[in-house]
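> My questions are about this predicted structure, shown below with the sequence.
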Amino acid sequence: MQITTANGKQLRGDIIKSAVLRYDMSAVPATLEAEIRVDDDLRRQLAEGNTVTTNNDAFRIVKQSGGTGRSAQGQHDLSAIQITALLDACHPVTFVRQRAIIKENSALSEIYRAAGATLSVIDGDFKVDRFNCMIGGTPSFHIAKLLQEEGGEVCWKNGKLKFVRKTDFFKQKPAMSLPDNASENIASGFLERHEIPSFYSISPAGEMIYGNREKARSAQFAPGKNEQQLVNMSRCLVRRKVSKINYNDQLFAGDLIEFIGAKPLVIVTAAHAFFSGTDGSGSNQYTKLWLYELQG
């Protein structure tokens, strides 16, 4: 894995003890966590608020920790620090708000920009009737609720944020085929009935309206929602497999994986892990995929 600091310096592989690049279906769809051996100059370059680049994406450092266990390499004193970085284009939506955001009949991209994101456009952008994030709130939490009500998710690929309806993830061409016997499988209808509720609300005419009630589920009241939103809120991606494959940082959240003799599943999280082995633990690199099907 190649990591470059803001001044254009590419970090040597032997000073990167470990790095995990994750792509997720979340309001901030990419994160980087790394443990790096640094001298005093590199520590300053990797300070909170600076940026690093990997896989052609810029990440803003929001946390730096560690720094103990100094050692010498040549004429340099080194110590190991850990950094956590969020996708730079979206990272402001994770900060607690000092001013409220109230939007009506606004596009999703406008909501992101109002929260400080630098996105110019979002593929699949749509209009939102109303969005509120009060003082002391975190926009990413409210964006996640909004996406659930709209029946879709956002994901990051090729330098762009895109919104995709959950049903449309399974209409695309698979990015890869895998054997069905090389994954950890998860299945529990019992837990799904407990964890995926159905929703109900009251229409403007004062009548009860409902979402999906085909299965016995817990029920939750959701004020101010229409029938389509209630249906969307019960439509969830449910984890079915976890697969560990050879390192492939061109797999992203939202990509479809085909399984021989089984239903295709969509990637909700793709973690690309690199371990250099400079601490004597052995070098390794791999990609781990969390794969889901659609329920509801």
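That came through fine. Only a predicted model underlies this, so the values are computations on that prediction, with no experimental measurement involved.
> use CA for all of it now, contacts and neighbours both
Fine.
> hang on, residue 219 packs against residue 201?
No. In this structure residue 219 lies outside contact range of residue 201 using CA atoms under 8 Å: 10.5 Å.
> What are the boundaries of the helices in the stretch 101-250 of the chain?
Per DSSP state H, counting those that start in this stretch, the stretch 101-250 of the chain carries helices over the ranges 108-114, 139-150, 189-195, 227-233.
> just how off-centre is the third one within its chain?
The chain centre lies 24 Å from the centre of helix 189-195; the measure is CA atoms, centre = their mean, to the nearest Å.
> And for the first one?
Averaged C-alpha coordinates place helix 108-114 at 18 Å from its chain's average position (CA atoms, centre = their mean).
> Can you tell me what sits against it?
Around helix 108-114, the neighbours that count as contacts under CA atoms under 8 Å, 6 or more residues apart in numbering are 90, 93, 101, 103, 118-122, 125-128, 131.
> hang on, the earlier thing: adding distance to residue 161, write the helices of the stretch 101-250 of the chain out as TSV.
Formatted as TSV, those follow (distance: least, CA to CA, whole Å):
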stretch	distance to residue 161
helix 108-114	10
helix 139-150	14
helix 189-195	29
helix 227-233	21
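> which one of the ones you listed has the lowest average pLDDT?
With a mean of 71, helix 189-195 has the lowest mean pLDDT of the helices of the stretch 101-250 of the chain.
> how would you label the nearest residue to residue 116 once chain neighbours are set aside: helix, strand or coil?
Sequence neighbours aside, residue 92 is the residue nearest to residue 116 in space, at 5.2 Å (criterion: CA to CA, 6 or more residues apart in numbering). Here residue 92 is recorded as helix under DSSP: H, G, I helix; E, B strand; the rest coil.
> State the distance from residue 92 to residue 60.
10 Å (CA to CA, to the nearest Å).
> hmm, back to that, mind checking which of the contacts of helix 108-114 are buried?
90, 93, 101, 103, 121-122, 125, 128, 131 (16 or more other CA atoms under 10 Å).
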